[in-house]
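> I need the structure of the sequence given here:
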Amino acid sequence: MKSRQIESGLELIARLPEQWAAEATRLGGRSFHGKQIFRWIHARGVVDPLEMTDVPAALRARLVEEGLGSVATIAREQRAADNTRKLLVSLGDGANVETVLIPRAKSAELPSPVALANDANDNAGDADAAAAVDDEEQAPEDEASALIPVTQCISTQVGCAMGCAFCASGVAGLKRHMRTDEIVSQVLVGRSRLDPGERLGNVVLMGMGEPLHNYDATARALRLLTHPDGIGLSTRKVTISTSGLVPEIARLGKDFGGQIGLAISLHAADDETRSRLMPINKKYPLAELMKGLRDYPLPRRRRITIEYTLVAGKNDTAEEANKLARLLRELPVKVNLIPMNPIAASALGPPALEGVLAFQRVLCDAGYSCFIRRRRGDDVAAACGQLALCGAKPKVRVHR
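Numbers count the residues shown, from 1 in each chain. Next up, the predicted model:
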């Protein structure tokens, strides 16, 4: 028998405090009990009504009858040598997604070619995903707190429809959108796996799937993640990565006033190259995407993150770097260079270190803040582009 939270069209865990107030009243409680229930779920991560000790017993029993409970469980945890943790999260219908916990290391990004060269064989840098968050824009408490901030990279779809050449998430295609309660529950269960001395610092929607392709569920998840009575993340601590769905970028800007961090998976500076690497470019070519970025209501002193995966022989030359510098002119951006992480479904790979440094040098000389991400969690396939649909059979791709 399906629980009411699935049949209702608005899952219980996805409800905001005012909706919980009405629900609590309907179930025989008082409206203020709704806020208590919301706090138990989102602030404390408790979804079992029987553990909500300050809620009346009769109301707790009704919540059990309504089907309030866990919609996501951790089926497997893999811990990398650098303490990055990849969690396989099982959903109620048997589907699974991956989410990653990345504790901040001493340096989140490498602005210096010398620093990278000195550290070329060291995988102990900070997260691929965490690099999307501007370090200079972190709140003062990050520096004062004794707790280590952890970035959680979460998924928004089971599989992915975008089909990017360098990403494992879309190998099996899109199976289904995730519901809001499933998206948020990754954070609820992820917090339970934080080590002593750690705290949730940032959430990046950079896992499996295209967040803006699942816009309605993603937008509600953002409201839940940032609600002050729940998880309470600042909008400055939340970043969405998109392959470039232009209408939804505009919608995100309007709905959230530009306060949600925006990262663009760009990966090429001309339409021909980008369309080969990212099929979405055929629908939303670069001229349209760049206009969308110029129109995005970015708050003062904030920047859009440009993600650029360097693929050997495809988009990694100095000429490509110069084209990228021209394309981004007058946009408030920072550039994250990502030497491609290997995936089973592709024979493509990263360029040599010298080529990565040369590409970065062109952009730095053009006046851009340009960083090279060190890998985190790649020994458990938790690095950028490596999250995959567990059990899906990789398809061998031929790229010319």
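
> and Tyr332, how many residues sit next to it?
One correction, residue 332 is Pro, not Tyr. If you count neighbours by other CB atoms under 10 Å, Pro332 ends up with 14. Placement of C-beta: from N, CA and C, glycine included.

> model confidence for it, exactly?
The score at Pro332 is 97. That number is its pLDDT.

> quick check: phi and psi at the closest residue to it other than its chain neighbours.
In this structure, Pro332 finds its nearest non-sequential neighbour in Arg303, 4.8 Å apart by CB to CB, 6 or more residues apart in numbering. Main-chain dihedrals, Arg303, degrees, to the nearest 10: phi -130, psi 150.

> what about Arg303, neighbour count?
Residues lying near Arg303 (other CB under 10 Å) number 17.

> elements contacting the helix or strand containing Thr218?
Element membership of Thr218, judged by DSSP states H and E, is helix 215-225. When contacts are defined as 3 or more CB pairs under 8 Å, 6 or more residues apart in numbering; DSSP states H and E, helix 215-225 packs onto helix 180-191, strand 238-242, helix 246-256.

> tabulate those (a markdown table), appending distance to Pro228.
Output for the helices and strands packed on helix 215-225, formatted as a markdown table (distance: least, CB to CB, whole Å):
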| stretch | distance to Pro228 |
| --- | --- |
| helix 180-191 | 15 |
| strand 238-242 | 14 |
| helix 246-256 | 15 |
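
> closest to Met290 out of these?
With respect to Met290, and counting by CB to CB, the nearest of the helices and strands packed on helix 215-225 is helix 246-256 at 9.7 Å.

> give the other helices and strands that that closest one contacts.
Checking 3+ CB pairs under 8 Å, 6+ apart, helix 246-256 ends up next to helix 215-225, strand 238-242, helix 286-295.

> wait, Leu337 touches Ile306, no?
No: with contact defined as CB atoms under 8 Å, Leu337 does not reach Ile306; the gap is 9.4 Å.

> show me where this structure has its helices.
4-7, 17-26, 31-38, 57-66, 113-118, 140-144, 180-191, 215-225, 246-256, 271-277, 286-295, 318-327, 353-365 (DSSP state H).

> show the average pLDDT along the fifth one.
Here helix 113-118 scores 37 as its mean pLDDT.

> again, but for the longest one
For helix 353-365, mean pLDDT rounds to 96.

> how many neighbours does the residue nearest to Leu63 when sequence neighbours are not counted have?
Nearest residue to Leu63, sequence neighbours excluded (CB to CB, 6+ apart): Pro49, at 3.7 Å. Counted with other CB under 10 Å, residues neighbouring Pro49 total 23.
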